[in-house]
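> Requesting a structural model of the entry that follows:
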Amino acid sequence: MSEAELQVTSEDGEADDSVFSEVGKIVSVDDVSRSTLKRISVLSSSALSQHGAAGGDKKDLAGIRRNSIRRISTSLGIQGFKRTLGAESPRESVTTPPVLDAKKIRDLVLLEEISQEQVLDVLKQRYMEDIIYTYIGNVVVSVNPYKRLPIYDAATIDKYRGAKMFDLNLLPHIFALTDTAYSDMCFRARSQVIVISGESGAGKTEASKQIMQYIAAVSGGGKDGDSIKNKLLRTNPVLEAFGNAKTIRNDNSSRFGKFMKINFDYHGYPVGGTITTYLLEKARVTRQGEGERNFHVFYQLCASGELQKMGLSSNPDSYYYLNQGDASDVKGIVSKNDWAEVMSSLTFLGFSKELTQEIIRVLGGILALGEVDAANLGKSSDLEKVAKLLSTNKDALKAAIGNNTIVARGQMVTSPLDDEQTSYARHTLSKSLYERLFRWLATKMNEHIRSQLAEDLTLCIGVLDIYGFEIFDENSFEQFCINYCNERLQQLFIDVTLKTEQAEYQAENITWVSIPYFDNKAICDLIDKRPNGVFAMLDEECLRPGDRSDHVFLLKLDDTLRKNDFYSSRMASGQKNLPDDVFIITHYAGEVWTQYAHCLCQAITCTTACMPCT
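Residues are numbered from 1 along each chain as shown. This next block holds a predicted model:
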């Protein structure tokens, strides 16, 4: 499903292919336990159990369950499965499937004929009726409507409060999944996990907000509980400002991964939480593509008037780090108002005025650092501004940017950098500063929202929100890491929906035919297995003494992986029409061409020296 595209007619009558380029998936994993699998299995069997009640025997029921898992597999877009069905069940004649009333098909498992085209056609028809949620067993498929729908108000929350997920009187909804997770945690004393995945622009960030909104509404706790819930909700504006940016696909794309863990006592009352962040796209600080922006917070800072107080320009187009994408103004984003909300949230979360001013100075210092002339460090007035804003001295800053320092046999050896290397060191420092600021913010927020109860006295609901699979014209190290993470999520999904389900059938001694399916473990091994995975060889090249070579890195990949079915390059494949600066990984969602030079450069992101604070 991840590769398929449907044509959807927009309001002005023009074709809009982008809407269905990816279907966002919200998956309840229930701490990766078998409870989720049982709920899928119960649905698959009970939805057709009338057949058994009418005289079907155990063999018939096994066939029903087998067909159900096939449907789940095909609907989830697992490659190779359709071919298995075709080989196993040849058709004597091709018949036209009956016209379906998609509005009534709340669960795709119940489709009589399963194909990628029919699944997407049902989703399209429901989408055109503003029905954006559909079930696949215990999975919720969400299609981004790209507009506000009146289905998240207090009245809707009350409808789903305490209701069963598959109540036929209620439409599929993310609230239903969230209530199932919350109720299961309360009644079974078992922690839960909700995984949100999908391509950039599928609506993952909004989905995580709606999950938080529902939990805040249905969980009690009195004044203390309300205070904790408000703190958890107030982390969203801060994380969005510092971690989200406009891309060519999405005006508010999360450029980091987030795991929000909400702790509850055994009465179901919230007592705290923690935020874990990872994979921040720090390269965006210094480089943006056409039509894209840097992180929101820089434009909010420009609109706030704070930069003028520091002797800097308030015009975002005057900064190299902000004007590359030529997209400073975005319809629907009011940076000044967003800045006020961020400052209010920081105050609510316990940040003092002194701390917020330090944040502002670091952000201003990063913008000023982008204006430093690498060819004339000693004469650059911007360097002095940066040193003042970062509370260091100009000479220390100049030495850090203009020299390479290594430790050899216990001694520090310093050598000057040329202009190009100095410019790269300046960008590396900017990225490192921003990444450390982002991590520090998450740490400080955790200090104010963390539960005071011992871990074994609490339950939790975890919400994993990670940016989705990405394929751009130029794919760098960030995209490589993002896509690897999504590959791992896909493997987890296969494990908890297929492998364990089939093992459960075998444990129940149900007679059935084992169903082959594509297992993407081979792709994961290609990337992360030691000693011959891509990551292992990248580590080796980065740690190698002397000058590091992009070309040597590619030669190692070609020599080691040329026989791997999921790897290719110009030299490994012998295809002269391929560029000579890329290697190709065939992921479960498609081929991705990665510029190997970008991988090597961006993997080495440590600053060359430490700057003493004054």
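> what about the strands in the stretch 451-600 of the chain?
459-465, 567-569, 582-587, 590-595 (DSSP state E, counting those that start in this stretch).
> nearest to residue 525, of these?
Nearest to residue 525, of all the strands of the stretch 451-600 of the chain, is strand 567-569, at 11.2 Å by CB to CB. From N, CA and C alone the C-beta is placed, and that goes for glycine too.
> what's the average pLDDT for that closest one?
For strand 567-569, mean pLDDT is 91.
> re earlier: in terms of mean pLDDT, which of the strands of the stretch 451-600 of the chain ranks lowest?
The stretch with the lowest mean pLDDT among these is strand 590-595, at a mean of 88.
> the inter-axis angle of that strand versus strand 582-587?
On the basis of axes from the mean of the first three to the mean of the last three CA atoms, to 10 degrees, strand 590-595 is oriented at 150 degrees to strand 582-587.
> Which secondary structure elements does strand 590-595 sit against?
Where contact means 3 or more CB pairs under 8 Å, 6 or more residues apart in numbering; DSSP states H and E, strand 590-595 is packed against helix 477-494, strand 582-587.
> Low-confidence ranges, this structure, go.
For the chain, the stretches with pLDDT under 70 are 1-100, 512-516, 545-548, 597-614.
> Could you count how many residues lie near residue 247?
24 (other CB atoms under 10 Å).
> Do I have it right that it meets residue 295?
No: in this structure, residue 247 is not within contact of residue 295 by CB atoms under 8 Å, at 11.5 Å.
> Let's have the helices and strands packed on strand 590-595 in TSV, adding mean neighbour count and distance to residue 374.
Below are these laid out as TSV (neighbours: other CB atoms under 10 Å; distance: least, CB to CB, whole Å):
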stretch	mean neighbour count	distance to residue 374
helix 477-494	20	22
strand 582-587	20	28
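> any idea whether residue 434 is helix, strand or coil?
helix (DSSP: H, G, I helix; E, B strand; the rest coil).
> who touches it in this structure?
By CB atoms under 8 Å, 6 or more residues apart in numbering, the contact set of residue 434 is 282, 285, 295, 366.
> What of residue 221?
Residue 221 is in contact with 228-229, 269-271, counting by CB under 8 Å, 6+ apart.
> ok, back up a step: between the strands of the stretch 451-600 of the chain, which one is nearest to residue 484?
strand 582-587 (8.5 Å).
> Alpha carbons of that closest one, as CSV, please.
Output in CSV follows, covering the C-alpha atoms of strand 582-587 (Å, rounded to 0.1, in the frame of the first residue of the first chain):
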residue,chain,number,x,y,z
VAL,A,582,24.9,6.9,-5.2
PHE,A,583,24.1,3.5,-3.8
ILE,A,584,20.6,2.0,-3.9
ILE,A,585,18.7,0.2,-1.2
THR,A,586,15.5,-1.6,-2.1
HIS,A,587,13.3,-1.0,1.0
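> Can you list the strands that it pairs with?
Strand 582-587 pairs in its sheet with strand 567-569 (antiparallel), strand 590-595 (antiparallel), by DSSP bridges.
> Point out the most buried one among those strands.
Among these, strand 567-569 has the highest mean neighbour count (mean count of other CB atoms under 10 Å), at a mean of 22.
> nearest to residue 446, of the strands paired with strand 582-587?
Set against residue 446 and scored by CB to CB, those come closest in strand 590-595, at 33.7 Å.
> Is it possible to get JSON lines of the strands paired with strand 582-587 that adds distance to residue 549?
Listed next are the strands paired with strand 582-587 as JSON lines, based on distance: least, CB to CB, whole Å:
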{"stretch": "strand 567-569", "distance to residue 549": "16"}
{"stretch": "strand 590-595", "distance to residue 549": "15"}
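> Just tell me which of those strands ends up closest to residue 137.
strand 590-595 (25.0 Å).
> Quickly note the distance from the closest residue in space to residue 486 that isn't next to it in sequence to residue 289.
Excluding its sequence neighbours, the residue lying closest to residue 486 (CB to CB, 6 or more residues apart in numbering) is residue 469, at 4.6 Å. From residue 469 across to residue 289, the span is 17 Å (CB to CB, to the nearest Å).
> residue contacts, the closest residue to residue 212 other than its chain neighbours?
Nearest residue to residue 212, sequence neighbours excluded (CB to CB, 6+ apart): residue 233, at 6.1 Å. Contact analysis of residue 233 by CB under 8 Å, 6+ apart lists 212-213, 216.
> Compare residue 469 and residue 289 (neighbour count), which wins?
Set residue 469 next to residue 289 and count neighbours by other CB under 10 Å: residue 469 wins out with 25 against 15.
> Closest to residue 500 out of the contacts of residue 233?
Of all these, residue 500 sits closest to residue 212, with 28.8 Å by CB to CB.
> sorry, back to before: ok, of the contacts of residue 221, which come out buried?
228-229, 269-271 (16 or more other CB atoms under 10 Å).
> Could you dump those into TSV and include secondary structure and distance to residue 592?
Converted to TSV, those look like this (DSSP: H, G, I helix; E, B strand; the rest coil; distance: CB to CB, whole Å):
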residue	secondary structure	distance to residue 592
228	helix	41
229	helix	40
269	coil	45
270	strand	40
271	strand	42
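> Make a markdown table from these and add distance to residue 118 to it.
Compiled in a markdown table, these are given as follows (distance: CB to CB, whole Å):
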| residue | distance to residue 118 |
| --- | --- |
| 228 | 45 |
| 229 | 42 |
| 269 | 45 |
| 270 | 42 |
| 271 | 46 |
